[in-house]
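Peer 1: Here you go, sequence then predicted model.
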Amino acid sequence: MKLRIGRPGRAPSDDAGQQSDDSDGTTVVIVSGACCFPPLRAFDLEAGRVVDAAITEVGLPARVVSMSTSQAYYGGLPRALAEEGKRVRDTVGITAFPAVLVNLELVSYGVPTLEAVVAALRKAAGSSADIEAAAVATSGPQTGGTR
């Protein structure tokens with residue numbers, strides 16, 4: 001399943017607050033620092049590609065939301081998460097972004113690894129049975145061979 005993160009050819013920060021239409025209870029948030037430092041756009045795009053690949057690998061429907069660090073801090077995320085992001089930004093600098101969260105649990109600061117996002121999505125799914133059921137629901141009935 002291919003999810004749109006922002007508009008084609010644009011970084012998540014260009015469409016801050018935009019989201020995909022697919023949702024089954026799992027939400028991935030990409031918090032972009034490109035609003036403050038435009039060269040981070042390339043990292044936002046790479047994070048989006050990793051998230052897309054992880055969603056495809058797991059086969060779990062998910063909603064992807066992108067927002068700027070300012071949006072995250074001023075109401076886009078729960079206050080405790082926004083404060084943690086601000087602390088990291090103040091300590092490490094804006095280059096710690098993007099931040100990627102799955103169901104409001106931090107996966108990474110910076111571009112995440114595919115393995116980290118896959119693990120977070122599987123944890124969000126609760127069990128492999130939930131993932132299988134979601135995959136069947138999104139792909140329709142399977143016909144053919146037996147196991």
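Peer 2: That came through fine.

Peer 1: C-alpha from now on. contacts and neighbour counts both.
Peer 2: Fine.

Peer 1: low pLDDT regions in the chain?
Peer 2: 1-24, 127-147 (pLDDT under 70).

Peer 1: Just give the nearest non-adjacent residue to Glu115, would you?
Peer 2: Closest residue to Glu115 apart from its sequence neighbours, by Cα to Cα, 6 or more residues apart in numbering: Ala54 at 7.8 Å.

Peer 1: ok, for Thr26, nearest residue in space, not its chain neighbours?
Peer 2: Distances taken as Cα to Cα, 6+ apart place Ala62 nearest to Thr26, at 4.9 Å, with adjacent residues excluded.

Peer 1: Check which element follows the helix or strand harbouring Gln71 along the chain.
Peer 2: Assigned by DSSP states H and E, Gln71 falls within helix 69-71. Later in the chain than helix 69-71, the nearest helix or strand by DSSP H and E is helix 79-92.

Peer 1: Could you list every helix and strand in contact with the helix or strand following that next one?
Peer 2: Next along the chain after helix 79-92, taking DSSP H and E as the criterion, comes strand 99-102. On a contact count with 3 or more Cα pairs under 8 Å, 6 or more residues apart in numbering; DSSP states H and E, strand 99-102 meets strand 27-32, strand 105-109, helix 114-125.

Peer 1: Which other helices and strands does the last one contact?
Peer 2: Which is helix 114-125. Using 3+ Cα pairs under 8 Å, 6+ apart: helix 114-125 touches helix 41-58, strand 99-102, strand 105-109, helix 128-139.

Peer 1: Pull out the buried positions in it.
Peer 2: Within helix 114-125, the residues that count as buried by 16 or more other Cα atoms under 10 Å are Leu114, Val117, Val118, Ala120, Leu121, Arg122, Ala124, Ala125.

Peer 1: With the shortest one instead?
Peer 2: By 16+ other Cα under 10 Å, the buried positions in strand 105-109 come out as Leu106, Val107, Ser108, Tyr109.
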